[in-house]
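Colleague: no FASTA, just this:
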């Protein structure tokens, strides 16, 4: 039996900086997961991923990552995506530094 | 120190020029990522979790003060002000931007450094004993052989697309500080009837299927070494599994075919290619040796050292832990810990790099080494300079007296940085070090090596840690498996798994219970953790880790 589709965001790394980025509903690449488009439909997710892969001049390694809704936008469901959202735990570097 | 020849300099400059053009073409959209990825990896550039990572080769872990200062300059100019020294004796920069990488490579070339073959399925940076040229027990300095192998393997046309990466380590001492038994090829310099030669091991490695290397030849002469190593890699290049990346390393080839079959094939290949080696390699080795001639050691007295040692307990504690006997009278090998309690193992700031460069220049015959244990070594320091040197180290957070102790932990970058990792390593190392510093037990525990990897690839060498910790993803939660009894030295052993893993919250108390078991049951302070484990085995540790919890739960 096929696995039930769960909500996803399209994520990648920015070509020039390597930063973690998320695809927004209005076709931007945001550094903030809270701005990402949360996709609940599997066919749409595949389409959005294909569109992301068609922007090699902007991003590298696009993929679909599990996420769940919250009042602050999509939230990670796995610790790997949580680390990608924030930055490393040993220094105040990466996204956590950019946000504050 | 070896200096680049005109050929070396021109070769690196040409590679950098090529890569600059490749980066420009990628940014302009004229190369796809699929086309660009192998090109960037050939130049040590990875894309990790949060950013690009540039892995810079430090051949056999040796560098001079000028090179260390340039690494500091790169860290400040194009990164976030620090670098990470690795178990491969290299340095990694965690935050470079793609456009800047050609500039970084040019800056490296200015000081005879590069990032070539720090990635890819090729022969990687050759590593060696970090006490090379200074150790009391050394038969011969392993670095000339390592340099010869570096020159031979760089851009070797036959070995650019091997079944997988290939790692070679060299030691010049019977006491193995280069982990040669966990390398694809391990080379040990030996002496037989007055002749210097090489004992060659093959098929060691950690990762998914950890194995201890087997003896391929007990004695290979100097003039036969290069053709013998070439024959070995060549045999694996043909036999190695390309159908399954988990079975592609030479350790699997040796396991599947048996060491006797591999030895016979290597011998057959050796006899074919031996005539192609004209002897220029041996002449070159002799020439390289002159670049590694020992410095002019001084004959001064060491009264200042003796007096400070008697009167300053902090200096004494540091000296007892971080100094190693040197082969030259009046000298010591200084180990600078990059493991301050709570710090990230192997990280040094640009300021700290400059301080270490200054100390090497003023007190250390301009030599530095990076150890596979992620520390920095000043191999030749006269004892009379040690009090002054220690005072400067202290001022810059570099005088932690913990080499070989429980907080001197090897930890890979783990999921905080690495795209392959399945759990974090660094916070676990930080918490263990901090916890045992709080308990003030480190010196009582004595020699105990904890090694932590954030995934099965074992960059943190967890299989050969006295206590090994492997971080895994168990149903979306970080989980840590423990192994005990691993050993990376000449008596190398793969650790035994204790049983089910522990959550991130449970792993520090679990390590504490292991250490308490040792402290409670050891014969005396002279019985090390490893000796204790070899005497009593797993049972008391299993009880401490698992049975006690069950007993408490039943109460």
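Modeller: Nice, thanks for sending it over. This is a predicted model, so every value here is computed, not measured. Residues are numbered from 1 along each chain as shown, chains lettered A, B, ... in the order given.
Colleague: quick one: low-confidence parts of chain A?
Modeller: A:99-100 (pLDDT under 70).
Colleague: can we see that at 90?
Modeller: A:1-3, A:94-100 (pLDDT under 90).
Colleague: Around chain B, pick out the residues from it.
Modeller: Neighbours of chain B within chain A, by C-beta under 8 Å from any C-beta of the partner chain: A:13, A:15-20, A:56-57, A:60-61, A:77-80, A:83-84, A:87-91, A:93-95. (Each C-beta comes from the backbone N, C-alpha and C, glycine too.)
Colleague: Show me what the biggest helix by length in chain A is packed against.
Modeller: Counting residues, the longest helix found in chain A (DSSP state H) is helix A:42-53. Helices and strands touching helix A:42-53, by 3 or more C-beta pairs under 8 Å, 6 or more residues apart in numbering or on different chains; DSSP states H and E, are strand A:8-14, strand A:20-23, strand A:59-68.
Colleague: The shortest one: which residues count as buried?
Modeller: Read that as strand A:20-23. The neighbour-count check on strand A:20-23 (16 or more other C-beta atoms under 10 Å in any protein chain shown) flags A:20, A:21, A:22, A:23 as buried.
Colleague: what pairs with that strand, and is each one parallel or antiparallel?
Modeller: Here strand A:20-23 has these sheet partners by DSSP bridges: strand A:8-14 (antiparallel), strand A:29-30 (antiparallel).
Colleague: ok now that strand, how far from the chain's centre?
Modeller: Distance of strand A:20-23 from its chain centroid, counting by C-alpha atoms, centre = their mean, to the nearest Å, is 4 Å.
Colleague: Not counting that strand itself, show me its contacts.
Modeller: Strand A:20-23 is contacted from outside by A:9-14, A:29-33, A:35-37, A:48, A:51-52, A:59, A:62, A:74, A:84-85, A:95, B:49-50, using C-beta atoms under 8 Å, 6 or more residues apart in numbering or on different chains.
Colleague: how many neighbours does residue B:524 have?
Modeller: 5 (other C-beta atoms under 10 Å in any protein chain shown).
Colleague: how near is it to chain A?
Modeller: 37 Å (C-beta to the nearest C-beta, to the nearest Å).
Colleague: Could you report the separation of that residue from residue B:532?
Modeller: 10 Å (C-beta to C-beta, to the nearest Å).
Colleague: same check, this time on residue B:466
Modeller: For residue B:466 relative to residue B:532 (C-beta to C-beta), the value is 10 Å.
Colleague: what does residue A:34 give?
Modeller: In terms of C-beta to C-beta, residue A:34 sits 52 Å off from residue B:532.
Colleague: repeat for residue B:434
Modeller: 24 Å.
Colleague: what does residue B:213 give?
Modeller: 26 Å.
Colleague: do residue A:28 as well
Modeller: 59 Å.
Colleague: tell me the contacts of the residue most central in space within chain A?
Modeller: Central residue of chain A (C-alpha atoms, centre = their mean): residue A:11, 3.1 Å from the mean position. Residue A:11 sits next to A:20, A:21, A:22, A:23, A:33, A:36, A:62, A:63, A:64, A:65, A:81, A:84 when contact means C-beta under 8 Å, 6+ apart.
Colleague: same check, this time on residue B:460
Modeller: B:87, B:410, B:411, B:412, B:414, B:425, B:451, B:452, B:453, B:454, B:469 are the contacts of residue B:460 under C-beta under 8 Å, 6+ apart.
Colleague: so it is in which element?
Modeller: Using DSSP states H and E, residue B:460 sits within no helix or strand.
Colleague: which residues are contacting stretch B:106-120?
Modeller: Contacts of stretch B:106-120 (C-beta under 8 Å, 6+ apart): B:3-4, B:8-9, B:12-13, B:15-16, B:38, B:41-46, B:54-58, B:63, B:66-67, B:70, B:73-74, B:77, B:90, B:105, B:123-125, B:153-155, B:160, B:165.
Colleague: Which members of those are classed as buried?
Modeller: Buried members of those, scored by 16+ other C-beta under 10 Å, are B:8, B:12, B:15-16, B:41-46, B:54-58, B:63, B:67, B:70, B:73-74, B:90, B:105, B:123-125, B:153-154, B:165.
Colleague: re earlier: reformat the contacts of residue A:11 into JSON lines and put distance to residue B:238 next to each item.
Modeller: Below are the contacts of residue A:11 laid out as JSON lines (distance: C-beta to C-beta, whole Å):
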{"residue": "A:20", "distance to residue B:238": "41"}
{"residue": "A:21", "distance to residue B:238": "43"}
{"residue": "A:22", "distance to residue B:238": "46"}
{"residue": "A:23", "distance to residue B:238": "45"}
{"residue": "A:33", "distance to residue B:238": "48"}
{"residue": "A:36", "distance to residue B:238": "48"}
{"residue": "A:62", "distance to residue B:238": "38"}
{"residue": "A:63", "distance to residue B:238": "36"}
{"residue": "A:64", "distance to residue B:238": "40"}
{"residue": "A:65", "distance to residue B:238": "41"}
{"residue": "A:81", "distance to residue B:238": "42"}
{"residue": "A:84", "distance to residue B:238": "41"}
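Colleague: ok, back up a step: quick check: strands, which of the contacts of stretch B:106-120 are part of them?
Modeller: Among the contacts of stretch B:106-120, the ones falling in strands (DSSP state E) are B:45, B:46, B:54, B:55, B:56, B:63.
Colleague: pretty sure residue B:231 contacts residue B:263?
Modeller: No. Using C-beta atoms under 8 Å, residue B:231 is not in contact with residue B:263, being 10.6 Å away.
Colleague: tell me which residues of the helix or strand residue B:360 falls within are tucked away?
Modeller: Assigned by DSSP H and E, residue B:360 belongs to helix B:350-363. Residues of helix B:350-363 classed as buried: B:350, B:352, B:353, B:354, B:355, B:356, B:357, B:358, B:359, B:360, B:361, B:363 (neighbour count, 16+ other C-beta under 10 Å).
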